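> Output the structure for:
(one chain, ligands or ions: 1)
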Amino acid sequence: MSDATYGELTVEGAARLFEQLDLGQHDVFYDLGSGDGKVVLLAAVLCGVERSVGVELDPDRHSVAVAMLSSAVASSAITSDEADRVSFVNGDAFAPRAFEGATVIYMLSNVFPPKLFGRFLTSLQSSHRTARERCVSSRRAARFPLTSCGSSTKSLSTPL
Ligand SMILES: C[S@@+](CC[C@H](N)C(=O)[O-])C[C@H]1O[C@@H](n2cnc3c(N)ncnc32)[C@H](O)[C@@H]1O
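You can find the predicted model right below:
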């Protein structure tokens, strides 16, 4: 992670994460609490995922993500085809069906209060499931039985 107080993944950390998740073109990637949208854009550019979606509660951070996507297209940092597969939602990432259809659910959750995990599990249990679904979270998930929801979890072999 960078030194930013609210916390975000570095570009190198994101690349390592994607490699360990074997993120690819058949994946639908969701970042729950996507901040400025950097990880969402990187998933589209580095891995060519089918769809890359960021869900962010804070309207200002959501606006930054939308603006970053536009400027990335303008500067050709991202192709229009890749950009078409990116979307940003301003809303509650833990609401029912907020991440419907995801194959990879990521959250940088160190800063999330534990009660959000309870809402996440409830939402996970009520969502339509996909065979390739994986969940990855920066908080140790031992207390949160994702496997009981039928979801695979990934233990990262290197720190982000
Ligand atoms: C630590 S930042 C992570 C940024 C980015 N995901 C990354 O890895 O670089 C966490 C973000 O989660 C957002 N957040 C907190 N609760 C949320 C909720 N219920 N729904 C959506 N976003 C939320 C915060 O506003 C903040 O921008």
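> Show the subsequent helix or strand relative to the longest helix along the chain.
Criterion DSSP state H: the longest helix present in the chain is helix 59-74. Next in sequence after helix 59-74, counting helices and strands by DSSP states H and E, comes helix 80-84.
> Packing partners of that next one?
helix 38-47, helix 59-74 (3 or more CB pairs under 8 Å, 6 or more residues apart in numbering; DSSP states H and E). Where you see a C-beta, it was placed from the backbone N, CA and C, and this is true even at glycine.
> Could you export these as TSV, including distance to the ligand and mean pLDDT?
Output for the helices and strands packed on helix 80-84, formatted as TSV (distance: least, CB to the nearest ligand atom, whole Å; pLDDT from 0 to 100):
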stretch	distance to the ligand	mean pLDDT
helix 38-47	5	96
helix 59-74	5	97
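> Could you look over those and pick the most buried one?
Neighbour counts (mean count of other CB atoms under 10 Å) averaged over each of those peak at helix 38-47, with a mean of 23.
> packing partners for that one?
Using 3+ CB pairs under 8 Å, 6+ apart, the elements in contact with helix 38-47 are helix 11-21, strand 28-32, strand 51-56, helix 59-74, helix 80-84, strand 86-90.
> Export that helix to PDB, keeping only CA atoms.
Written as PDB, here are the backbone C-alpha positions of helix 38-47 (Å, rounded to 0.1, in the frame of the first residue of the first chain):
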ATOM      1  CA  LYS A  38      -7.100   3.200 -10.300                       C
ATOM      2  CA  VAL A  39      -7.300  -0.500  -9.600                       C
ATOM      3  CA  VAL A  40     -10.400  -0.800 -11.800                       C
ATOM      4  CA  LEU A  41      -8.600   0.900 -14.700                       C
ATOM      5  CA  LEU A  42      -5.500  -1.200 -14.200                       C
ATOM      6  CA  ALA A  43      -7.600  -4.500 -14.300                       C
ATOM      7  CA  ALA A  44      -9.000  -3.400 -17.700                       C
ATOM      8  CA  VAL A  45      -5.600  -2.300 -19.100                       C
ATOM      9  CA  LEU A  46      -3.300  -4.900 -17.700                       C
ATOM     10  CA  CYS A  47      -5.600  -8.000 -17.900                       C
END
